[in-house]
Each structure stands twice: as structure tokens, then as C-alpha cells.
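In: From the sequence below, what's the structure:
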Amino acid sequence: MNEDIVKLAKQEITTLQSNIPTGSHVKTGDIRKLSAKLYKIVPNKSIDVVLKICEVLLEERSWELGVMAFDWANRIQKYYTIETYDIFYSWLKKYVRGWGDCDDFCTHAFGQLLIQNKEIFSEILNWTKDEDFWVRRASAVILIPAILKNDYADIYPLEIMDRLLNDKNDLVCKGYGWMLKALSKVDEELVIEIFKGKTVYYAKSLF
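Out: Next up is the predicted model:
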């Protein structure tokens, strides 16, 4: 069944690509519409089954199928458990190789897992030291959904920022910059204080 779903998805994507006007390209929104259509025909939507299909989709190393995999993983968020972290983290390490992958995954499925299980923040702190810069970027981006929902008790954005402050990779810096932009929407005064040079003292006072 997993192979059949992937085969059908690849066929649908090929058809979608063939119908795109010359000079244009398949957009994320197009893939999301296709994803919703195909998800409806999955007969067993238990978390174990869906995540296994997602893994098969991700193994194809295709941008389109990756968007679909992360979308399906997000659709089963009500079934997440703390054990889901191990699966998602393995995907982050193995399959995320672009800013689009990182941001899609972390601001939807993985970000929702953090909201539901804030104890995994201690693991996310370790991401800031990872040799893979996509994982370091993810350590900031994954906090954005919780911040925007003003649901980040026991999650400390400024500790992440302090740890990434001297990172040499532009994409990592842009990731925590995006996180701070989100934080400014719920706590503008705090972010103003950050730019007055009080960041480190505030963050360290939380631990």
C-alpha cells in the first residue's frame, strides 16, 4: 500500500508538472492541494501507518513529495506522543536539506509537537551545537508556532538566541532573526530590550 501511494503521488505530480504553462513552475500551494486530495484516499490514518508512508515519501528525496510528507505528518498532530520526537528528529537530520524543508517542517508538524510536549525543549537546546547548520536553524524556527500562539511557557527563545548569536552561517542567523520577529509580535518591549544589549543577562536569568 505504501508503494502504491507513492507511485500514485509521483504520477499525479508528473501530470501536474505537464500542465504548468511554459516559463512557470509548480508552486507549494499546488502540492498542498494535491496532498489533501491524496490524503483522503489513505484507508488507514493511524499515526503509525501515516508516518511510515511519510518516510517512504521522504526517501524519494523529492521536494514535492517532501512537502506532501510534512503535510501529512501535520494532519495527524492530535495523535502525537513524546515518542514522535525521535521520528521527527531523525527526519530533520536525514531529510532536511533546504530552508524550505526546514521551515515547512518546523513551523507546522515539528513546531506543533513542541507545543504539545514542551519538555523536548531541553533536546532542542542541544540542536544549537549541531554541526549541521540546518539543525541549528531549526532550533530557532521550531519555536515560532509556540511564540505566535503565545504558548511558550517553559520554552526560552532568548536562550536559543544567545546560543546562536555568534553563528557564522547566514541561514542560521536569519532563522533566529525570524524567531525574534515573531517574539516582537507578542512581547515588543522584550525585543526592544534585546537590541539595547540586555539579551544575555535576561536569558541566563531564566536558568
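
In: how long is stretch 117-125 from one end to the other?
Out: Between the opening and closing residues of stretch 117-125 lies a distance of 14 Å (CA to CA, to the nearest Å).

In: Now it: buried residues?
Out: Asn117, Ile120, Phe121, Ile124 (16 or more other CB atoms under 10 Å). For the C-beta atoms, the positions are set from N, CA and C on the backbone; glycine is no exception.

In: any idea how this protein splits into domains?
Out: Taking automatic domain parsing as the criterion, the chain consists of the domains 1-73, 80-207.

In: Now tabulate these in JSON lines and tack on mean pLDDT.
Out: Formatted as JSON lines, the entries for the domains of the chain read as follows, by pLDDT from 0 to 100:
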{"stretch": "domain 1-73", "mean pLDDT": "91"}
{"stretch": "domain 80-207", "mean pLDDT": "90"}
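
In: which of those is buried the deepest?
Out: For those, the largest average neighbour count (mean count of other CB atoms under 10 Å) is found in domain 80-207, namely a mean of 17.

In: Can you pull the phi/psi pair for the closest residue to Leu113 other than its chain neighbours?
Out: Leaving aside its sequence neighbours, Leu113 sits nearest to Tyr80 (CB to CB, 6 or more residues apart in numbering; 5.2 Å). Backbone geometry at Tyr80, expressed as degrees, to the nearest 10, gives phi -60, psi 150.

In: From what I see, Tyr152 and Leu143 are in contact.
Out: Yes: A contact is recorded between Tyr152 and Leu143 when judged using CB atoms under 8 Å, the distance being 6.8 Å.

In: Give me the distance between the residue nearest to Leu113 and Gln116.
Out: Counting by CB to CB, to the nearest Å, the separation of Tyr80 from Gln116 is 6 Å.

In: just Gly29 next, same as before
Out: As it turns out, when the distance is counted by CB to CB, Gly29 lies 27 Å from Gln116.

In: One more: Lys174?
Out: Using CB to CB, we find Lys174 at a distance of 27 Å from Gln116.
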